[in-house]
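Visitor: would you be able to build a 3D model of this:
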Amino acid sequence: MSYDLRKSQKGKHTKTTGSVPTKRPNPFSHNMYKALPDQLTPSQRPGEPSQVSSPANTSVITPVNGTNTSTPDRTFQDQDFEQSKLDLFLTKKFEAMLERAVDRLAKKIEAVESLLGDSLEFERQRVNDLQVKQNHLETRIKNLEEEVAKNGAATNKSERFSRRNNIRLVGIDEYQQPTSLPADSASSSDSSSASEPHQEDCITLAEDKLRSFFGITSKVERAHRDGRKTNGRPRHILVKLLSYRDKVDVMKRARSVLKNQSFFIIDDLTSADLQEKRKWSKQVQALYAQGTKLRFYAGKWRLRGGDPFNFESSSDDTSRITTIGHAGVVF
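Guide: Down below sits the predicted model:
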């Protein structure tokens, strides 16, 4: 009977305690770590002791009838706590990664700035050197221009002096026979020269014009045609007189004496003087219509007394000058 009692008690105990309470899975176990290897803290990695309390410390309520039921609020709190820890871990990891990336980028920027600074300094020095060279070259060019202008003025002055006794006869047809020929020139013709084309004697022609219109009986040193041949326009006759006084007398009376003639006489000017004379031709004509007469010599339009006329002066000076009247002769 005792055996039956123990058997019945054993069966009763087995029936009462036969259902073993089921344990809640540990989120920090090795299986959980394998599932989320990057979401665990270093203290929860394999081979390291876990700092989480053992399942025995977890709150598990075992009812009398043998069923295992955990508290829902406590389970949700544990899940929220674990999720917060995971979010904090990921945030710190991302911040560390971002900080390292920013540090690398900052170092690269510093290297680029250093290289760029060196390049800028080199270019700045090169620009400064080029500026110094440019200033030197500009100064040298300016000096050379002044020297060229000075040499040009001296050359023009020398050329002007070499043309001091020269005049030009304009409008005389080429191969025109002079009005009076020397007796020896008429007697020197023969049968051989009659068949040849006649060569113009510019010296005799110039002497004849000067004697006929100006009463100058002095000889002409040299005379010849000058300039390029053009259709319908005879070339100038360049004449060099023996006396400068004869030239001055001819130039003063040329306008009035040759007023009704088919030719006229002008001064033999250099290229620079001719350009200067033509530059102010319209202004000279306007002043001449107002009663102011200018004379061009020595490279300038001049008033009576030899003072150069300033065409670029103010209107007050121009009005004052125009009241002088017949100050000279234009030729």
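Visitor: next helix or strand past the least confident helix or strand in the chain by mean pLDDT?
Guide: The helix or strand of the chain with the poorest confidence is helix 191-194; it has a mean of 42 (mean pLDDT, DSSP states H and E). Following helix 191-194 in sequence order, the next helix or strand is helix 202-214 (DSSP states H and E).
Visitor: packing partners of whatever helix or strand comes next after that next one?
Guide: Sequence-wise, the next helix or strand downstream of helix 202-214 (DSSP H and E) is strand 220-226. The contact analysis (3 or more C-beta pairs under 8 Å, 6 or more residues apart in numbering; DSSP states H and E) places strand 220-226 against helix 202-214, strand 236-241. Glycine gets a C-beta too; all of them are placed from N, C-alpha and C.
Visitor: show me where this structure has strands.
Guide: Taking DSSP state E as the criterion, the chain contains strands spanning 166-170, 220-226, 236-241, 264-267, 295-297, 300-302.
Visitor: thinking again about what came up before, got JSON lines for the helices and strands packed on strand 220-226, with distance to residue 112, mean neighbour count and mean pLDDT too?
Guide: Formatted as JSON lines, the helices and strands packed on strand 220-226 follow (distance: least, C-beta to C-beta, whole Å; neighbours: other C-beta atoms under 10 Å; pLDDT from 0 to 100):
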{"stretch": "helix 202-214", "distance to residue 112": "84", "mean neighbour count": "19", "mean pLDDT": "92"}
{"stretch": "strand 236-241", "distance to residue 112": "76", "mean neighbour count": "22", "mean pLDDT": "94"}
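Visitor: what about these, which gets the closest to residue 97?
Guide: strand 236-241 (97.6 Å; C-beta to C-beta).
Visitor: just checking, what packs against that closest one?
Guide: Applying 3+ C-beta pairs under 8 Å, 6+ apart, one finds that strand 236-241 makes contact with strand 166-170, helix 202-214, strand 220-226.
Visitor: which of the strands of the chain is buried the deepest?
Guide: strand 236-241 (a mean of 22; mean count of other C-beta atoms under 10 Å).
Visitor: with just CA atoms, put it into PDB.
Guide: Output of strand 236-241 as PDB, limited to C-alpha atoms (Å, rounded to 0.1, in the frame of the first residue of the first chain):
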ATOM      1  CA  HIS A 236      57.200 119.300-112.000                       C
ATOM      2  CA  ILE A 237      60.400 121.000-113.000                       C
ATOM      3  CA  LEU A 238      62.700 121.100-110.100                       C
ATOM      4  CA  VAL A 239      64.900 124.200-110.300                       C
ATOM      5  CA  LYS A 240      67.800 125.100-108.100                       C
ATOM      6  CA  LEU A 241      68.700 128.800-108.200                       C
END
